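Chemist: Got a sequence here, can you build the structure:
(one chain, ligands or ions: 1)
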Amino acid sequence: MPLERPVRLMSYGRRGGYSSGWQVAGVTAGFLSGVQRLGAAPSSGLARLLFPPICVGCRSIVAEPGTLCPACWPRLRFLEAPWCAVLGTPFAHEMGEGAVSPAAMADPPPFARARSAVAFGGVARDIVHNLKYRDRTDLAPWMAKWMARAGAELLADADLVVPVPLHRRRFFARRFNQSAELARHMSAQRGLVFAPEIVERVKRTRQQVGLERRAREDNMRGAFAVPKPMRERVKGSKVLVVDDVYTTGATVKAVASVLARAGAARVDVLTFARALRDFLPEEETPIYEGNDREEP
Ligand SMILES: [Zn+2]
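Modeler: Have a look, this model is predicted:
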């Protein structure tokens, strides 16, 4: 599946300015949308006149829905092979089919394979925050598409797609589980079975922000369970666990462990973003884990 890239000549950066071949005029998004409402919109349709597509990373106007503006595009790093066959962390060089990183060998995870669409930081962080805290639910389908691309092999094997659950109290407070949104869209797009009821969060864990890896693992111990009535469905199934961010992996490892104990034939993990040591964004990025954080 090809990536949706911003369309040349039709994308306008938030910062305006006339730069490279990506922008045709130094107009701001606000001015541009005003122009579009006056009928100068390029790509037809009343809906597009009223709701011009906005950049996935910020709010500037772009030509096509689901694309990034020229300012955001270079601030997002898509992950692709060659990568560790287990952890999905990119290799600098081609290592041969099925090569496994030293990290995966030293500490084999309870899942078979993990993949992520983008490196966490910069625009990826903005996207994750916008989905979770700023009601940008329009982002979920695009994020899901990028995830499906990175996790194509995993999707091909999945019997059940299971999002990392929120604790019931937290879900009621927020009414929104971003991991479930991502899993739901991806399942619908690919005709897979979305099964949020398979794993339950039974312990309200404290926030992972600022915790070291070992502390995160302790924090997650006993956090998840497969409810008894669900065990039959898990037994012998290949399960794909979905979360928004993979930091140390403590959360998805805890989920994978309970699924394995419940008899899953295989557990894979797919997240939108992945914290990587060699990809540090220009701004300071707090390291946090999936569903265990609140707005700083
Ligand atoms: Zn943008």
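
Chemist: Which helix or strand contains residue 162?
Modeler: Take DSSP states H and E as the rule and residue 162 turns out to sit in strand 160-163.

Chemist: Which other helices and strands does that strand contact?
Modeler: Other helices and strands packing on strand 160-163, by 3 or more CB pairs under 8 Å, 6 or more residues apart in numbering; DSSP states H and E, are helix 178-190, strand 238-246. No exception for glycine: its C-beta is placed from N, CA and C like everyone else's.

Chemist: Could you tell me how far that strand lies from the centre of the chain?
Modeler: Averaging C-alpha coordinates over strand 160-163 and over its chain gives two centres that are 14 Å apart (CA atoms, centre = their mean, to the nearest Å).

Chemist: again, but for stretch 121-140
Modeler: 9 Å.

Chemist: buried stuff in that stretch?
Modeler: Within stretch 121-140, the residues that count as buried by 16 or more other CB atoms under 10 Å are 121-128, 130-132, 136, 139-140.

Chemist: Could you dump those into CSV with pLDDT and secondary structure added?
Modeler: Below are the buried residues of stretch 121-140 laid out as CSV (pLDDT from 0 to 100; DSSP: H, G, I helix; E, B strand; the rest coil):
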residue, pLDDT, secondary structure
121, 90, coil
122, 88, coil
123, 92, helix
124, 94, helix
125, 92, helix
126, 90, helix
127, 93, helix
128, 93, helix
130, 89, helix
131, 90, helix
132, 87, helix
136, 84, coil
139, 91, helix
140, 94, helix
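
Chemist: Enumerate the residues of the protein near the ion.
Modeler: In this structure, the chain approaches the ion at residues 55, 57-58, 60, 69, 72, judged by CB under 5 Å from the ion.

Chemist: Buried ones from the residues you listed, can you make that a PyMOL selection?
Modeler: Selecting only the buried entries of those in PyMOL, with 16+ other CB under 10 Å as the criterion:
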select buried, resi 55+57+58+60+69+72
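
Chemist: got the residues of the chain next to the ion as CSV, with secondary structure and pLDDT columns?
Modeler: As requested, the residues of the chain next to the ion are exported to CSV (DSSP: H, G, I helix; E, B strand; the rest coil; pLDDT from 0 to 100):
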residue, secondary structure, pLDDT
55, coil, 89
57, coil, 86
58, coil, 86
60, coil, 89
69, coil, 91
72, coil, 90
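
Chemist: nearest to residue 268, of the residues of the chain next to the ion?
Modeler: Using CB to CB, residue 57 comes nearest to residue 268 of the residues of the chain next to the ion, at 27.1 Å.

Chemist: residues in contact with that closest one?
Modeler: Shown in contact with residue 57 (CB atoms under 8 Å, 6 or more residues apart in numbering): 68-69, 72, 75-76, 123, 126-127.

Chemist: Quick check, pLDDT for the nearest residue to residue 266 once chain neighbours are set aside.
Modeler: The shortest distance from residue 266 to any residue that is not its chain neighbour, by CB to CB, 6 or more residues apart in numbering, is 4.4 Å, and that residue is residue 238. pLDDT, residue 238: 98.

Chemist: give me the number of residues near residue 238?
Modeler: For residue 238, the neighbour count with other CB atoms under 10 Å is 16.

Chemist: cool, and residue 102?
Modeler: Residue crowding around residue 102 was assessed by other CB under 10 Å; the count is 8.

Chemist: quick one, phi/psi of it?
Modeler: As for residue 102, its main-chain torsions (degrees, to the nearest 10) stand at phi -60, psi -40.

Chemist: Likewise for the one 10 residues further on?
Modeler: Its backbone dihedrals place residue 112 at phi -80, psi -50, with angles given as degrees, to the nearest 10.
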